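S.K.: Next input, structure requested:
(2 chains)
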Amino acid sequence: MAKEKSDLVYGTLDMLILRALENEPRHGLGIADRIQQISNEVLRVEQGSLYPALYRLENEGWIKAEAGLSENNRKARFYRLTAAGRKQLIVETEHWTRIIAAIGLVLAKA
Amino acid sequence: MSEEIRQHLAALTERNLAQGMSPDEARQAAERLFGHVEGVKEQCRDLRGLPWLESLLRDFRYGVRLLRGQPGFAAAAIVTLALGLGTSTTIFSIVHAVILRPLPYPDPGRLISIYESLPPKYPQLPVSPRMFLEWQKEHASLQASAVTEHIPVVVTGEGEASRAIGLIVSEAYFKVLGVPPQLGRTFPSADRDDPVVLSHRLWLDRFQGRRDVIGRKILINAHPFRILGVMPASFLPEEQFDPLLFLPLNLEPAGGGLRSRARFLEAIARLGPGVTLDQAAQALNLAAQRRAAQDPDTSQGVGLRIVPLLDTLVGKVRPVLLTLLGAGGFLLLIACVNVANLLLARASSRQKEIAMRSALGASRARLVRQFLCESLLISLLGSAGGILLTHGNLQLLLRYGFLPLPRADEIALDGSTWLFAGLLAVFTGLGFGLIPALQAARISLPEVMNNGGRGVRELRRRLRLRSALAVFEVALALVLLVAAGLFLRSFRHLRQVPVGFDPGAGVTLVTKAMLYEQRYPTPRSVLAFVDQAAARLAAVPGVESVAFSTSLPFAEMNWRAVTIAGSHKLRPMDMAVVGYYVVTPGYFPTLRIPLVRGRRFDARDTAGAASVAIVSEGFARRYFPDADPLGKFLQVADSNAWCEIVGVIADLKERGPAEPAGLQVYVPYSQAPSRFPLLIIRLAHPAPGLRAGLRAALDTIDPQVPLPEMSTTLDLPLHDSLSTQRLTLLVFAVFSGVALVLSTMGIYGVVAYEVVQRTPEIGIRMALGARPGQLGWLVFARNGFTVAQGLVIGFAGALAAAPWLGPLLFGVDAADPLTFAGALVLLGGGAFIACWLPSRRALTVDPRVVLHDE
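M.R.: Numbering: from 1, shown residues only, chains lettered A, B, ... in the order given. Take a look at the predicted model:
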């Protein structure tokens, strides 16, 4: 696979994290893997930048950290989407869809 | 957080290993994928941690490094502040313990003292038993009230005889104060035996704290009493000399004797719940009006006056202490100004550093914060020094008896003092730091970068600010100096005031004798001892004269109500309380009180002879303004004898040199013998081995009469009576001395700084032909003007302080020209020298060096 620009579009990381957590709680590496997987390996998160984002989301109250065991039985912090986070995901998704549609229009008509 | 990131990396590395990489490759690949580990950590810290706290800590660490780099500056600033903070904190701890802290009784705000009052001459008099019984009918406003009087007693039975103060208290006394006994019970008691309650100290002294004392009997003045209870140590902390015991006071409700109308009782009460002082005063005055109606002769126009108990105890020293607190504040301000000036000087030498930081993106707020951190650091270190100083001060003051204050035993370096010192440190740190911080952060970047911060405009601004601080400092110092001068002059006046007797420093000895009842059962036996002892002691080598007396001015005072014969209608103040002295014939020569008219007591005045009395000049003037007092008769409240006045003697200022002379009545010892005389001895010259001689002389009469170790002199009580004034003088002397040094140093610093800053200018002027003398004069004149401004403002300030200082002064006007002139000369002289010395350095500027540097 040719290496596409793997940079995330600026400002979308929060939304992607929320989406990655939509179905089940995950730890940091799990979130990175999930984003990569859903995006068919297009979007590669620079994994370090996950953590500041995770703390930010936690401060906002959209996700909640809890202790758990990883697949190979190591202690890890799992992040779970909160009710507020779920709402936020909907809001951001709608917003993003509108933007994409608008950009699509611009590109189509130009 | 680090743990989580480590785990993440470990998991990635593992995954890479599983894909067949070598361990090193695996780790490196994982790190590549993860990104900059420390950078991520930093971002996370900023997000979740307390970034401001961390940078605050960084600022403090930076401050510590800076202070270490400039130990001279650090020491000067910290020592100056420690002086200012230490003195303020010392004064605060005294003020707090004495006048701010509530009394150690439950609900102390409701405790009051009650006085009879006949304004304007007698605003506060003790109360009479009749008045007390009358107001007790007004139950509604007072929860409980009690009266007390105290008498010296001898305690015997079990162990040696010892002296104590018997506090005779009416039934509700303990209920008023609300303190339960440590052991047993208190009054009222249904006991048929006479009950006594012991103070904690007496219990320890006499019974070594044994718990089985309750119910035992002791002899008080040879009369048996049953021990009812023991009070805790915290009760009545003001007891200092003899230990206390509490005896019940029995007032006959309908007693018609003179004593029931005499005013000799101290009254305390507890206000009823929700009752205000005013309401209580109204209710009590109804009682006073009833008394006036019953007994117009003695009580016409007499009201009742209520004073909060705390005021009774400390009201007198409150203005003094508040003045001292104010002085402490002044000194602290001066110290702060000095440190602010130091900081300003330092800030200007740090301009380049500041410019660099602001060029690198430090915001103004960030710079101000860093400067404030540095000044807080200095103030906290200064505060630590101040606490040490306070500790030392209190130890010294307490040890050398400089704190002759009520509740002095409660003075300590306690929690409130620590809190005060901490708050003060923060406030001063912000206070003296803020101006330099704002000043430093207001830096103009281009100016500094272009010419190294020596722009003329910038320099002007800095000099103006520093001059303003110097003006302030000089003004404060002048106020302190003037106050110190006034207190010094006032104190010298007080020392010179004739008090009516010759205190004879170094050649007098006063001690308390004790003739207890078993050995001296009758007045006759007491008298026989006193006569013999007076004669034998007078014969001891070195002794000039000997007297026995029941009272001594300033030290042992006894008050009695006195009636004059022949005035058929007694006006209330004919019952006035006078100083009452029962004395042997040797008393007047021993104290050297001059006779004005008539005769002294002598061998004629025996127990069986006609009763006689001697009165003071003031007494004669008051009661016999137009007649000859000799041959008139008077009666003392607790005796039935009418005494003929045979002499008039000089007035005594027995309450203190600053107080008006009181009235005194003397009666001969032979006609009113007491078992508790004071033995007063005047020596021809100081005699070291005297005590042995006196003991030997007493042994020839009765070896069992104790000659107490505790003795004093005639001048010591007089000395003690001035102790508040001495404390004030001491504090102001020390404070104004420190203020003088600090402000002179401050001005020196300002001028020296100006010379250094203006060196280039001076060099250029010199190169252009200005004479060195002219330039030195330029600097001197500018700063001399600053000092003069400070002196003028300080002068006005000291005048404005007159209403506060005036009431504390004696014999000197609060606007005393001599004191003001002295303070001006002292501070002005010091300040001008401090201006002149660095100004001269302007003369030594070498224009060649300057031009070369530029």
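S.K.: Now for the closest residue to B:Leu310 other than its chain neighbours, how many residues are close by?
M.R.: Counting by C-beta to C-beta, 6 or more residues apart in numbering or on different chains, B:Leu103 is the residue found nearest to B:Leu310 once chain neighbours are left out, at 5.7 Å. The C-beta positions use only the backbone N, C-alpha and C, and glycine is treated the same way. Number of residues near B:Leu103 (other C-beta atoms under 10 Å in any protein chain shown) recorded here: 18.
S.K.: One more: A:Ala102?
M.R.: Neighbour count of A:Ala102, defined by other C-beta under 10 Å: 10.
S.K.: Also B:Phe633?
M.R.: 16.
S.K.: Okay, and the beta partners of it?
M.R.: The bridge-partner assignment for B:Phe633, based on DSSP bridges, gives B:Glu644.
S.K.: in chain A, which ranges drop under the pLDDT threshold?
M.R.: The model of chain A has pLDDT under 70 over residues A:1-11, A:110.
S.K.: go again using 90 as the cut-off
M.R.: Within chain A, the segments meeting pLDDT under 90 span A:1-78, A:80-81, A:84-85, A:88, A:92-93, A:95-96, A:99-100, A:102-110.
S.K.: cool, and the stretch 701-850 of chain B?
M.R.: Scanning the stretch 701-850 of chain B for pLDDT under 90 picks out B:701-728, B:730-731, B:742-790, B:798-799, B:801-819, B:827-828, B:830-850.
S.K.: where do the helices sit along it?
M.R.: For the stretch 701-850 of chain B, applying DSSP state H, counting those that start in this stretch gives helices covering B:715-721, B:723-767, B:772-800, B:802-805, B:817-841, B:847-853.
S.K.: Same list, those helices, but as a markdown table with distance to B:Leu463 and mean neighbour count please.
M.R.: Shown next, in a markdown table, are the helices of the stretch 701-850 of chain B (distance: least, C-beta to C-beta, whole Å; neighbours: other C-beta atoms under 10 Å in any protein chain shown):
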| stretch | distance to B:Leu463 | mean neighbour count |
| --- | --- | --- |
| helix B:715-721 | 51 | 18 |
| helix B:723-767 | 6 | 21 |
| helix B:772-800 | 8 | 18 |
| helix B:802-805 | 34 | 15 |
| helix B:817-841 | 13 | 18 |
| helix B:847-853 | 19 | 13 |
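S.K.: burial of residue 63, as a residue count?
M.R.: As the question left the chain open, I've gone with chain A. Number of residues near A:Ile63 (other C-beta under 10 Å) recorded here: 26.
S.K.: if you could check chain B rather than the one you did, that'd help
M.R.: The burial count for B:Gly63: 19, using other C-beta under 10 Å.
S.K.: What of the one 10 residues further on?
M.R.: Under the neighbour criterion other C-beta under 10 Å, B:Phe73 is assigned a count of 17.
S.K.: Show me what the helix or strand where it lies is packed against.
M.R.: Element membership of B:Phe73 [criterion: DSSP states H and E] is helix B:71-95. Using 3 or more C-beta pairs under 8 Å, 6 or more residues apart in numbering or on different chains; DSSP states H and E as the contact criterion, the neighbours of helix B:71-95 among helices and strands are helix B:51-69, helix B:318-349, helix B:364-399, helix B:415-441, helix B:723-767.
S.K.: swap the cut-off to 7 Å and go again
M.R.: Contact analysis of helix B:71-95 by 3 or more C-beta pairs under 7 Å, 6 or more residues apart in numbering or on different chains; DSSP states H and E lists helix B:318-349, helix B:364-399, helix B:415-441, helix B:723-767 as its packing neighbours.
S.K.: now the angle from that helix to helix B:723-767?
M.R.: Between the axis of helix B:71-95 and that of helix B:723-767 there is an angle of 160 degrees, by axes from the mean of the first three to the mean of the last three C-alpha atoms, to 10 degrees.
S.K.: Direction included, what does the next helix or strand after helix B:71-95 pair against?
M.R.: Stepping forward along the backbone from helix B:71-95, the first helix or strand reached (DSSP H and E) is strand B:111-118. Note on strand B:111-118: by DSSP bridges, its sheet partners are strand B:122-125 (antiparallel), strand B:266-271 (antiparallel), strand B:303-308 (antiparallel).
S.K.: per-domain residue ranges of chain B.
M.R.: Each domain of chain B is listed here as a residue range: B:2-49, B:108-313, B:471-497+B:729-854, B:508-713, per automatic domain parsing.
S.K.: Dump the ones you listed into TSV; add distance to A:Leu89 as well.
M.R.: TSV is the format used below for the domains of chain B (distance: least, C-beta to C-beta, whole Å):
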stretch	distance to A:Leu89
domain B:2-49	20
domain B:108-313	62
domain B:471-497+B:729-854	63
domain B:508-713	85
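S.K.: mind checking which of those domains is nearest B:Gly329?
M.R.: Distance to B:Gly329, taken as C-beta to C-beta, is lowest for domain B:471-497+B:729-854 among these, at 9.4 Å.
S.K.: picking up where we left off before, give me the residues contacting the helix holding B:Phe73.
M.R.: With contacts defined as C-beta atoms under 7 Å, 6 or more residues apart in numbering or on different chains, helix B:71-95 is touched by B:67, B:321, B:324-325, B:328-329, B:331-332, B:335-336, B:338-339, B:342, B:346, B:378-379, B:381-383, B:385-387, B:389-390, B:393-394, B:403, B:411, B:413, B:417, B:420-421, B:424-425, B:428, B:735, B:738, B:742.
S.K.: can you give me the angle that helix makes with helix B:415-441?
M.R.: If you take the same axes, to 10 degrees, helix B:71-95 sits at 140 degrees to helix B:415-441.
S.K.: tell me the angle of helix B:71-95 relative to helix B:51-69?
M.R.: Helix B:71-95 runs at 110 degrees relative to helix B:51-69, counting by the same axes, to 10 degrees.
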